[in-house]
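> sequence and predicted structure below; questions after.
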Amino acid sequence: MAVVTTDMPFASRLTATPMVCFGAIVAAAVALWAPTALDMATLWVMSSSYHYGIFVAPIAVWMIAAKSAHPPAPANRLPGFFIIAMGAALWLLGRAGGIALVEQFALVTTIIGGVGVAFGGGALRSWAYPLAFLYFMVPFGEAIVPGLQTITAQITVALLSTLSMPVSIDGYLIQTPAGAFEVAEACAGFRFLISATMIAAVFAYVSFQSWRKRIGFLVFATIVAILANGLRAFLLVLIATLTDMQWAVGPDHLLIGWIFYALLFLGLIAVGRRFADAPAPHPPAQVQPAGANALPAMLAAIAMIAGAAIYANVVIERPVHKPAPVSLSLLNAPGWRILPPAQNWRAELQQADRTAGATYVSGDNTVYVSLGYFTHDRKGGEIINYKNRAWSGDYWRHIGVRDAVIYLFGTSKTRRIDILAAPERRRLAAVTVYWLDGDVFVERWRMKLAQAKAKLVGRNPSGGLIIIAASYNRDPADAVSALRNFTGDLEPLSAWLTRIEQP
């Protein structure tokens, strides 16, 4: 086989057969897994946090063209098939569990596998960094927002304390002599963190030759972005406090933040340029034949994608016809009086098929209970969804979390306690547990995994969630104590489910 040297530009030497093969695989994945692609594209357009997703693929192509003077020859397609198989399996798992993030991650993985099928394993190696960059298309990261809020609040309080300023913290609420400041979700620095990481990823690829330097710069940029957002919040609270709420509380709040972020971006780029490597010379151009069996390889890849789509449609998403109970029984707790639901708190359970609520009183202890029942999990009726939670976002706000060991339905486990705030310094501590087909789950991911296992074999059992809350004045431990007293007296879950299932 002859090797020919040429100086033809990169784009003109991407032969038609690999390009057509890759384009067909991508088109098939987008069409056959259309709900996943549509959900991802909708977030790009509708959510200001993810507008950047529209530009990820063009940037990845530019990154490939900028450093790859010559495309590798299409050969050894097996790695591409392996990646597509992993993507299809992951997509089925995400589809069964109703986890959009996993579905979207799987779609991008399959597109990367399409590169391996169309252009060969050499392309996967040569273009590994730009291909990994494609994962920025996935709208991810919202799960870390509460953690970012906590870090930002703690940094702000720590810096204010170093100035001997009177300051206290309650979850995400910071109290200074000038008033109260909330580290809301928009103040967590998530968008800035994603932007900084994405820009740092492009800069690291262009400026550094080794993976060690690239990854090191990404880690450095991520840490700086998180710490910088805490410093930004500190400066805003400090300015507002020193000016008696005259500055840094209106439009200037955003202006100060953007100026701060711009300076930080310039600083990151300056540091990166200080340690940048010299550009590596392009190797001599080596053009080889496009390779045989491109069409069968393309059809085999599309068949794998289509197989996953068919299985999802026939098995995972088959219709379920199960009527909801006429009414939802309340939980029994011997020794507790059952009163009507609280007027000023009710959990958000928009998607449940049936709901119920009550107030339970025993001595000095008062707890509030909200129940949500789902005949089965489906699109528009997911048991685990942001629309099913202990706070509505209108009257009650989520201001923090803490962990506590609570005995519930026969097991004593560490459970997440959500701290909620309302006007007039009202506070609630709420614990949420999930159930599926008689099994109880504390962690959301375990519940999702159980749902996925059931749906992958054609089952879709009933499930729901139970939210128990208690109020407190100053210390959340008082509410946790009331929760423990109540949960220790609750009837077994099986007894409650038996009453629900009775005709």
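Noted; the coordinates are in hand. Values in this document were obtained by computation on a predicted structure and should not be read as measured data.
> give the buried residues for the lengthiest helix in the chain.
Among the segments of the chain that qualify as a helix by DSSP state H, the longest is helix 211-242. Using 16 or more other C-beta atoms under 10 Å as the burial criterion, the residues of helix 211-242 that qualify are 213-214, 217-218, 221, 224-226, 228-241. The way it works is simple: take the backbone N, C-alpha and C, and place the C-beta from them, glycine included.
> also stretch 412-420?
Of the residues in stretch 412-420, those buried (16+ other C-beta under 10 Å) are 415, 417-420.
> now swap in stretch 317-336 and tell me
Buried positions in stretch 317-336, judged by neighbour count with 16+ other C-beta under 10 Å: 317, 325, 328-329, 331, 333, 336.
> residues near residue 125, how many?
Neighbours of residue 125 under the rule other C-beta atoms under 10 Å: 12.
> immediately after the longest helix of the chain, which helix or strand?
helix 251-274 (DSSP states H and E).
> which outside residues touch that following helix?
Residues from elsewhere that reach helix 251-274 (C-beta atoms under 8 Å, 6 or more residues apart in numbering): 192, 196, 199-200, 203-204, 207, 217, 220-221, 224-225, 228, 231-232, 235-236, 239, 248.
> circling back: which among the buried residues of stretch 317-336 gets closest to residue 383?
residue 328 (14.6 Å; C-beta to C-beta).
> ok so that closest one is a strand residue?
No: counting by DSSP: H, G, I helix; E, B strand; the rest coil, residue 328 is not found in a strand; it is coil.
> ramachandran angles for it?
Per-residue torsions, residue 328: phi -110, psi 120 (degrees, to the nearest 10).
> what about residue 89, neighbour count?
Neighbour count of residue 89, defined by other C-beta under 10 Å: 14.
> what helix or strand does it sit in?
helix 78-97.
> what of residue 470?
Assigned by DSSP H and E, residue 470 belongs to strand 463-472.
> what pairs with that strand, parallel or antiparallel?
Paired neighbours of strand 463-472 in the sheet (DSSP bridges): strand 365-374 (antiparallel), strand 426-436 (antiparallel).
> pLDDT of the longest one, averaged?
Spelled out, it's strand 426-436. If you average the pLDDT over strand 426-436, you get 94.
> and for the first one?
Strand 365-374 carries an average pLDDT of 95.
> next structured bit after that strand?
That would be, after strand 365-374 and using DSSP H and E, strand 388-389.
> for the helix or strand bottoming out on mean pLDDT in the chain, C-alpha coordinates in PDB please.
Every helix and strand in the chain was compared by mean pLDDT, DSSP states H and E; the lowest is helix 251-274, with a mean of 71. Provided in PDB are the C-alpha atoms of helix 251-274 (Å, rounded to 0.1, in the frame of the first residue of the first chain):
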ATOM      1  CA  PRO A 251     -28.300  46.400  39.300                       C
ATOM      2  CA  ASP A 252     -24.800  47.300  40.400                       C
ATOM      3  CA  HIS A 253     -24.800  43.800  42.100                       C
ATOM      4  CA  LEU A 254     -24.700  42.200  38.700                       C
ATOM      5  CA  LEU A 255     -22.200  44.800  37.300                       C
ATOM      6  CA  ILE A 256     -19.800  44.300  40.100                       C
ATOM      7  CA  GLY A 257     -20.000  40.500  39.600                       C
ATOM      8  CA  TRP A 258     -19.400  40.700  35.800                       C
ATOM      9  CA  ILE A 259     -16.400  43.000  36.300                       C
ATOM     10  CA  PHE A 260     -15.000  40.600  38.900                       C
ATOM     11  CA  TYR A 261     -15.500  37.600  36.600                       C
ATOM     12  CA  ALA A 262     -13.900  39.400  33.600                       C
ATOM     13  CA  LEU A 263     -10.800  40.200  35.600                       C
ATOM     14  CA  LEU A 264     -10.600  36.600  36.800                       C
ATOM     15  CA  PHE A 265     -10.800  35.300  33.300                       C
ATOM     16  CA  LEU A 266      -8.000  37.600  32.200                       C
ATOM     17  CA  GLY A 267      -6.000  36.400  35.200                       C
ATOM     18  CA  LEU A 268      -6.500  32.700  34.300                       C
ATOM     19  CA  ILE A 269      -5.400  33.300  30.700                       C
ATOM     20  CA  ALA A 270      -2.300  35.200  31.900                       C
ATOM     21  CA  VAL A 271      -1.300  32.300  34.200                       C
ATOM     22  CA  GLY A 272      -1.900  29.800  31.400                       C
ATOM     23  CA  ARG A 273       0.200  31.800  28.900                       C
ATOM     24  CA  ARG A 274       3.000  32.000  31.500                       C
END
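> what's the angle from it to helix 211-242?
On the basis of axes from the mean of the first three to the mean of the last three C-alpha atoms, to 10 degrees, helix 251-274 is oriented at 150 degrees to helix 211-242.
> just how off-centre is helix 251-274 within its chain?
Mean-position distance between helix 251-274 and its chain equals 26 Å (C-alpha atoms, centre = their mean, to the nearest Å).
> still on that earlier bit, can you check which of the strands paired with strand 463-472 gets nearest to residue 87?
Nearest to residue 87, of the strands paired with strand 463-472 and by C-beta to C-beta, is strand 426-436 at 26.8 Å.
> list the buried ones in the closest one?
Going by neighbour count (16+ other C-beta under 10 Å), the buried part of strand 426-436 is 427-436.
> swap in stretch 122-140?
122-124, 126-127, 129-131, 133-134, 136-139.
> mind checking how far that stretch is from the chain centre?
That offset, for stretch 122-140, works out to 19 Å (C-alpha atoms, centre = their mean).
> over to stretch 192-206?
With C-alpha atoms, centre = their mean as the basis, stretch 192-206 stands 19 Å off its chain's centre.
> stretch 458-473 too?
Chain-centre distance of stretch 458-473: 21 Å, with C-alpha atoms, centre = their mean.
> what is the mean pLDDT for it?
94.
> do stretch 19-27 as well
Averaged over stretch 19-27, pLDDT sits at 92.
> quick check, distance from it to the centre of its chain.
The chain centre lies 29 Å from the centre of stretch 19-27; the measure is C-alpha atoms, centre = their mean.
> could I get the buried residue list for it?
Buried residues in stretch 19-27, counting neighbours by 16+ other C-beta under 10 Å, are found at 21-22, 24-26.
> can I see the domain layout of this structure?
Annotated domains of the chain cover 11-141+279-316, 143-274, 337-501 [automatic domain parsing].
> any idea which of those domains scores lowest on pLDDT?
domain 143-274 (a mean of 81).
> how long is it end to end?
Between the opening and closing residues of domain 143-274 there is a gap of 34 Å (C-alpha to C-alpha, to the nearest Å).
> tabulate the buried residues of stretch 19-27 in JSON lines, adding columns for distance to residue 264.
As requested, those are exported to JSON lines (distance: C-beta to C-beta, whole Å):
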{"residue": "21", "distance to residue 264": "43"}
{"residue": "22", "distance to residue 264": "38"}
{"residue": "24", "distance to residue 264": "43"}
{"residue": "25", "distance to residue 264": "40"}
{"residue": "26", "distance to residue 264": "36"}
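> among those residues, name the ones in strands.
Nothing among the buried residues of stretch 19-27 maps onto strands, per DSSP state E.
> rewinding a little: right, and the strands paired with strand 463-472 - which one's nearest residue 85?
Nearest of the strands paired with strand 463-472 (C-beta to C-beta): strand 426-436, 28.7 Å.
> for the helix or strand just after that closest one, which strands pair with it and how are they oriented?
Using DSSP H and E, the helix or strand that follows strand 426-436 in sequence is strand 439-441. Strand 439-441 has its sheet partners listed here by DSSP bridges as strand 426-436 (antiparallel).
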